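Visitor: Quick one, structure for this:
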Amino acid sequence: MRRITYVSAIVLLVTTAPLACARGNEEAQEPTETEITRTVVANPQDMQQAFMEVADTVLPAVVEVNVLQIVEQRPESLFDYFFGPPPEGEQRRPGLGSGVIVRTSGDTVYVVTNYHVVQEADEINVALYDGRDFTAVKVGGDERTDLALLEFESDGDFPVIEFGNSDDARVGQWVLAIGNPFGFESTVTVGIISAVGRTAQPGMPVGGFTEYIQTDAAINPGNSGGALVDLDGRLVGINSWIASRTGGSVGIGFAIPTNVVQNAVDDLIEQGRVIYGWLGVTMVDPTPQVLPGLAEDLGVDEAAGVFIDNVHLGSPAVEAGMRPGDFVTEVAGTAVSESVDFARAVGGHRPGTEVGFTLIRSGEERAITVRLGEQPSPEEMRDPQNLWPGLTVVPITDRIRRQTRIPSGLDGVIALRVIGDSPVAVAGLQRGDVITEINGSGTPDARAFYEALEAAGDRVEFEINRNGREFGISVRR
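Guide: Residues are numbered from 1 along each chain as shown. Below is the predicted model of the structure:
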């Protein structure tokens with residue numbers, strides 16, 4: 001038996017009440033039919049036989065993923081040098097997860113696992129059910145879906161798991177979870193699909209681009225990256241995280257659907273990264289806590305949606321006519337109420353897809369169709385030089401006026417955030433500046449600001465009041 005080492009997995013410690021069904025607070029409805037049909041298993045031995053056959057089929061395709069992170073240690077002071085741990089050297093941090101063999105190509109064997117399992121790994125080893133061990137390397141990974149792809153070379157024969165269609169997953173469906181919880185390799189647990197379409201809340205340390213399958217099959221640390229399969233032995237999802245108050249399974253586990261996994265595997269093999277459709281905007285939830293007074297100023301305080309505060313010049317959004325100041329309420333016919341919903345709805349489409357957006361601009365509802373591009377590299381995404389205008393403004397509310405001591409006779413919008421190295425930042429605009437005019441048009445509120453910004457040409461002249469001093473800033477779009 002292999003020696004049990006530290007385990008590596010995401011466990012979400014829950015301190016609030018358990019998740020409630022979306023319809024949990026509604027009054028129970030009487031059935032429309034007086035006769036209720038029930039399905040009865042005629043012979044429990046048949047179910048037992050099904051479980052055993054699935055285990056026999058799937059276990060050989062599920063691997064143990066052992067990782068090692070090597071951290072260099074150096075003394076921080078003379079005290080540490082003489083009295084602390086060894087002044088220099090390597091600290092070796094082991095970890096454990098699971099993986100699934102999803103493809104072979106010649107002598108190359110591909111294993112999918114969770115990104116968080118191998119994220120910091122310097123050395124990776126995969127151990128098969130039949131006792132074979134191989135050194136693996138990471139092909140690529142994607143934090144947003146929490147998926148990573150490994151590969152190793154061998155001329156032997158390897159079992160490859162069969163993919164199912166996760167869109168067909170139904171609540172109540174039997175599933176088996178297979179992995180290495182707490183280092184107990186090749187463990188099989190059974191349960192049902194408890195829910196579909198679950199999403200991680202903002203701030204959770206899990207992939208935010210996925211709608212998860214929830215299961216009550218026991219999942220524990222070390223199961224991460226393992227298989228969730230149906231009674232035909234087909235992959236339904238990749239086990240990823242659990243919700244728990246104790247760190248152990250309480251019957252609330254989550255798996256990444258296979259349709260997400262399949263697309264990620266294809267992209268990682270062909271491109272080395274997961275390819276997302278790209279719109280080319282930055283967005284924010286215009287809540288009173290985040291952007292005080294903005295929703296009321298734009299007339300969208302009664303609507304649900306996300307606010308576009310900046311666009312990438314030359315992006316698909318700009319080419320299609322989307323502008324800073326737009327308030328998006330629907331993506332591809334589906335309502336969006338938070339930035340995470342918006343990002344998931346856009347990123348779930350492939351490059352080249354035409355996607356319809358419903359938005360509110362200057363109090364009027366509009367429809368725009370955008371042909372999505374391919375998302376640039378993270379470095380290009382972070383480059384603010386092509387981000388327009390490079391700031392977020394809010395109206396001057398009474399509270400802001402008191403807090404910042406803006407005179408009662410001074411009207412405009414205040415720069416709440418200015419992105420470093422963006423066009424307006426390079427021109428000299430600073431956080432806290434009051435913008436009173438754009439190209440000669442007054443900007444007494446946020447709607448007027450964005451209308452003037454849209455009407456401006458390639459050269460935009462901002463009139464600024466900074467601590468009582470008035471001056472102009474010129475920016476070329």
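Visitor: all helices for the stretch 51-200 of the chain, in order.
Guide: For the stretch 51-200 of the chain, the helices defined by DSSP state H, counting those that start in this stretch occupy 78-83, 115-118.
Visitor: lowest average confidence, helix or strand, in the protein?
Guide: helix 78-83 (a mean of 54; mean pLDDT, DSSP states H and E).
Visitor: And residue 289, how close does it get to residue 394?
Guide: Distance of residue 289 to residue 394, given as Cβ to Cβ, to the nearest Å: 12 Å. C-betas here are computed from N, CA, C, even on glycine.
Visitor: Same drill for the two, tell me which one is more crowded.
Guide: residue 394 (21 against 6; other Cβ atoms under 10 Å).
Visitor: Flag the shaky bits of the protein, pLDDT-wise.
Guide: 1-42, 73-90, 201-209 (pLDDT under 70).
Visitor: How is it partitioned into domains?
Guide: For the chain, the structural domains run 47-55+161-271, 59-153, 277-287+295-377, 386-476, going by automatic domain parsing.
Visitor: Please identify the deepest-packed of these.
Guide: domain 47-55+161-271 (a mean of 20; mean count of other Cβ atoms under 10 Å).
Visitor: what's the span of that one, first residue to last?
Guide: Start and end residues of domain 47-55+161-271 are separated by 42 Å (Cα to Cα, to the nearest Å).
Visitor: Shouldn't residue 358 be within a strand?
Guide: Yes. Using DSSP: H, G, I helix; E, B strand; the rest coil, the assignment for residue 358 is a strand.
Visitor: Name all residues that make contact with the nearest residue to it once chain neighbours are set aside.
Guide: Excluding its sequence neighbours, the residue lying closest to residue 358 (Cβ to Cβ, 6 or more residues apart in numbering) is residue 330, at 3.8 Å. Taking Cβ atoms under 8 Å, 6 or more residues apart in numbering, we find residue 330 in contact with 305, 336, 356, 357, 358.
Visitor: For residue 330, give the beta-bridge partners.
Guide: residue 335, residue 358 (DSSP bridges).
Visitor: quick one: it and residue 342, what's the gap?
Guide: 10 Å.
Visitor: same deal with residue 156?
Guide: In this view, residue 156 and residue 342 are 46 Å apart by Cβ to Cβ.
Visitor: Farthest-apart pair in the contacts of residue 330, please.
Guide: Using Cβ to Cβ, the pair of the contacts of residue 330 lying farthest apart is 305 and 356, separated by 14.4 Å.
Visitor: mind listing what the closest residue to residue 162 other than its chain neighbours touches?
Guide: Residue nearest to residue 162 in three dimensions, not counting chain neighbours: residue 234, with 4.8 Å by Cβ to Cβ, 6+ apart. Going by Cβ under 8 Å, 6+ apart, residue 234 touches 161, 162, 163, 164.
Visitor: I'd say the first one and residue 227 touch.
Guide: Meaning residue 161. Yes. In this structure, residue 161 is within contact of residue 227 by Cβ atoms under 8 Å, at 6.4 Å.
Visitor: Quick check: neighbours shared by these two?
Guide: Shared contacts of residue 161 and residue 227, counting by Cβ under 8 Å, 6+ apart, come down to 58, 61, 62, 100, 235.
Visitor: What strand or helix carries the last one?
Guide: Per DSSP states H and E, residue 235 falls inside strand 234-244.
Visitor: between the following helix or strand past that strand and strand 234-244, how many degrees?
Guide: Counting by DSSP H and E, the element after strand 234-244 in chain order, helix or strand, is strand 253-257. Relative orientation of strand 253-257 and strand 234-244, computed by axes from the mean of the first three to the mean of the last three Cα atoms, to 10 degrees: 140 degrees.
Visitor: Report the backbone C-alpha coordinates of strand 253-257 in CSV.
Guide: In CSV, the C-alpha atoms belonging to strand 253-257 read as follows (Å, rounded to 0.1, in the frame of the first residue of the first chain):
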residue,chain,number,x,y,z
GLY,A,253,-20.0,17.8,-3.4
PHE,A,254,-19.6,19.5,-6.7
ALA,A,255,-18.3,18.2,-10.1
ILE,A,256,-17.3,20.0,-13.3
PRO,A,257,-19.7,18.8,-16.1
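Visitor: Output the contacting helices and strands for that strand.
Guide: strand 211-215, strand 234-244 (3 or more Cβ pairs under 8 Å, 6 or more residues apart in numbering; DSSP states H and E).
Visitor: could those strands go into CSV alongside distance to residue 113?
Guide: Converted to CSV, the helices and strands packed on strand 253-257 look like this (distance: least, Cβ to Cβ, whole Å):
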stretch, distance to residue 113
strand 211-215, 16
strand 234-244, 8
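Visitor: and residue 402, which of those is closest to it?
Guide: When the helices and strands packed on strand 253-257 are compared by Cβ to Cβ, strand 234-244 sits nearest residue 402, at 42.5 Å.
Visitor: Adjacent strands (with direction) for the longest strand along the chain?
Guide: Looking across the chain with DSSP state E, the single longest strand is strand 89-105. Partners of strand 89-105 in the sheet, by DSSP bridges, are strand 62-73 (antiparallel), strand 108-113 (antiparallel).
Visitor: Relative to residue 216, which of these is closest?
Guide: Nearest to residue 216, of these and by Cβ to Cβ, is strand 62-73 at 19.7 Å.
Visitor: Check the offset of the closest one from the chain's centre.
Guide: Here strand 62-73 shows a centroid-to-chain-centroid distance of 24 Å under the convention Cα atoms, centre = their mean, to the nearest Å.
Visitor: do the same with stretch 146-162
Guide: Here the centre of stretch 146-162 is set off from its chain's centre by 25 Å, with Cα atoms, centre = their mean.
Visitor: ok, now stretch 327-337?
Guide: For stretch 327-337, the distance to the chain centre is 18 Å (Cα atoms, centre = their mean).
Visitor: Tell me the spacing between residue 256 and residue 186.
Guide: Separation of residue 256 from residue 186 (Cβ to Cβ) stands at 21 Å.
Visitor: do residue 342 as well
Guide: For residue 342 relative to residue 186 (Cβ to Cβ), the value is 41 Å.
Visitor: Over to residue 214?
Guide: 24 Å.
Visitor: Same check on residue 150?
Guide: Residue 150 sits 18 Å away from residue 186, going by Cβ to Cβ.
Visitor: do the same with residue 93
Guide: 24 Å.
Visitor: try residue 331
Guide: 42 Å.
Visitor: what do you get for residue 426?
Guide: Distance of residue 426 to residue 186, given as Cβ to Cβ: 58 Å.
Visitor: now do residue 310
Guide: From residue 310 over to residue 186 (counting by Cβ to Cβ), the distance is 50 Å.
Visitor: just residue 155 next, same as before
Guide: Applying Cβ to Cβ to residue 155 and residue 186 gives a distance of 24 Å.
Visitor: and if you look at residue 361?
Guide: Taking Cβ to Cβ as the measure, residue 361 falls 57 Å from residue 186.
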